[in-house]
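[1] For reference, the sequence and a predicted model appear below.
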Amino acid sequence: MAGHPDAADLVDAVRGFLVAVESRLSGREAFHAKVAGNVLAIVERELRQQPERVERAALARLLGHDGEPAALRAGLCAALRDGRLDAETPGLLDALTEATLARLAVDNPNFSTFRRLKETPP
Amino acid sequence: MDEVAPALQDLLRRETGGDVAVDRVVALSGGAASLTFAVDTRRDGSAWPLIFQRAGAEEAAVGALAKSVQARLQVRARQAGLPVAAVVAVASPADGLGDGFVMERIEGESLAPRYLRLPDYAAARAAMVGQCATALARLHAIGPGEFADLPLPAASPAAARTAMYELYRGFGVDSPVFDLAFAWLAERLPDEPPAALVHGDFRSGNFIVGREGLRAILDWELAHVGHPMEDVGWLCTNTWRFGAWQRPVGGFGAREAFHDAYVAAGGTLDRELARVFELWGSLRWGVMCLQLAHAHLSGVRPSVELAAIGRRVSETEIDILHILKHGEV
């Protein structure tokens, strides 16, 4: 709705404010203001991209059942810890790569390995 | 931090037996576990630039050495021919300076993104491949008898993996990629008794670099008795290339040339294990990120910086997956 800022719009507005005051800070405070701006950019991307949806779909396909992302993750970790699944499990590396790329698109889309994989799809 | 200046001056006069005046003490970095200060002094009238390093108010990282031990280790490494700042004085409790020591200040560039990218450092980058290989070969050649008197942690690669796994599990975080990596490493890390002196954090970001190359190796606080390939793999871990992924050795060189130079300098190379330790390096940095974020989330050290580091975990996860799929990153 025009004129109604959503959560990501609000975060973006605060980020703009931080950029404006950053130049008046120095030393550790200026550094932390820059970090805080980067953190808000992560929050904004997460709100818009919802990487957990991608992760949920990828893990559900791998495990053969749906669930909350945290529960799917916990189930997968348990299977890896007791050796029921390993790096040779068909589809495992692809599912984890898909989920991790979705998270990296939020956390740090400039990261070298993210850019390499996006530029040269498998 | 000028309140430490008189105590530093007393210490330096006593240790050198000379006429030393401390003019200025400037805090350089504010790590919670370790504090570093630039100390401007004059000795017999000439400028004598020094560094004072001491333990911070908070507990050091698990396995981190006391500053007094670090100082003794730096002396041994320097004797073995490594580029390391000369230790000038080690504080004793009566000095009122805490657990700390003073070393000579070596001028140069310490910011990795600068010496990895600026054209002015092209010759330095080329030279550093051989210099780092030689430094590590010399470090790893130091006989056990020469460090047996130092209280250093010791662990075989297999035991170190188990300790790191327990640390990871302690955070209550479920990372399928980390669990996959721990299982993969369990099949590949040897359990042979640790025998070599290992720097433990030998990487871009812990060097002083001049136009001609490597001038000094810093940050000895994670040194331990372990496997030489730990250092060889850690230097090549993608995190420490600072984006220059095409140059696997610390973002400045080629892996083959570095490995060959390590052998030429007398090092015993296990190429396969060195590669295993590159994946280990990504996992290790990933667990360190969890640990730093945990310090914020648990309320021990509330900090936006530490919270943000928690989101660097996915960088290490994609590197681990890339190595598992393609053999390298």
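    That came in fine, so what should we check first?

[2] Going by C-alpha atoms from here, please, whenever you check contacts or count neighbours.
    Fine.

[3] Excluding sequence neighbours, find me the nearest residue to the residue of chain A most remote from its centre.
    Taking C-alpha atoms, centre = their mean, the residue of chain A most remote from its mean C-alpha position is A:Arg24, at 30.9 Å. Spatial nearest neighbour of A:Arg24, chain neighbours left out: A:Ala30 (7.9 Å); criterion: C-alpha to C-alpha, 6 or more residues apart in numbering or on different chains.

[4] Distance-wise, check the residue farthest from the centre of chain A relative to A:Phe31.
    According to C-alpha to C-alpha, to the nearest Å, A:Arg24 stands 12 Å off from A:Phe31.

[5] where are the low-confidence patches of chain B?
    B:1-2, B:30-33, B:57-63 (pLDDT under 70).

[6] so who does the residue nearest the centre of chain B touch?
    Centroid-nearest residue in chain B, with C-alpha atoms, centre = their mean: B:Asp201, separated by 2.8 Å. By C-alpha atoms under 8 Å, 6 or more residues apart in numbering or on different chains, the contact set of B:Asp201 is B:219-220, B:222-223, B:231, B:234.

[7] Which residue would you name as the spatial centre of chain A?
    Residue closest to the average C-alpha location in chain A (C-alpha atoms, centre = their mean): A:Arg103, at 2.5 Å.

[8] measure that one to B:Arg312 for me?
    As judged by C-alpha to C-alpha, A:Arg103 and B:Arg312 stand 10 Å apart.

[9] In chain A, what residue comes closest to chain B?
    Nearest residue of chain A to chain B: A:Cys77, at 4.9 Å (C-alpha to the nearest C-alpha).

[10] Now the one helix or strand that residue maps to: buried residues?
    Using DSSP states H and E, the element containing A:Cys77 is helix A:69-81. By neighbour count on 16 or more other C-alpha atoms under 10 Å in any protein chain shown, the buried set for helix A:69-81 is A:69, A:72-81.

[11] next helix or strand past it?
    Following helix A:69-81 in sequence, per DSSP H and E, is helix A:92-107.

[12] which strands and helices sit next to the helix or strand following that next one?
    Moving toward the C-terminus from helix A:92-107, the next helix or strand (DSSP H and E) is helix A:112-119. Contacts defined by 3 or more C-alpha pairs under 8 Å, 6 or more residues apart in numbering or on different chains; DSSP states H and E place helix A:112-119 against helix A:92-107, helix B:313-326.

[13] ok, and what's touching helix A:112-119?
    For helix A:112-119, using C-alpha under 8 Å, 6+ apart, the contacting residues are A:101, A:104-105, A:109, B:243-245, B:315, B:318-319, B:329.

[14] please redo it, this time with the cut-off set to 7 Å
    Contact with helix A:112-119 is made by A:101, A:104, B:243, B:245, B:318-319, as judged by C-alpha atoms under 7 Å, 6 or more residues apart in numbering or on different chains.

[15] Repeat that for stretch B:316-324.
    Contacts of stretch B:316-324 (C-alpha under 7 Å, 6+ apart): A:93, A:97, A:100, A:113, B:177, B:279, B:282-283, B:286, B:328-329.
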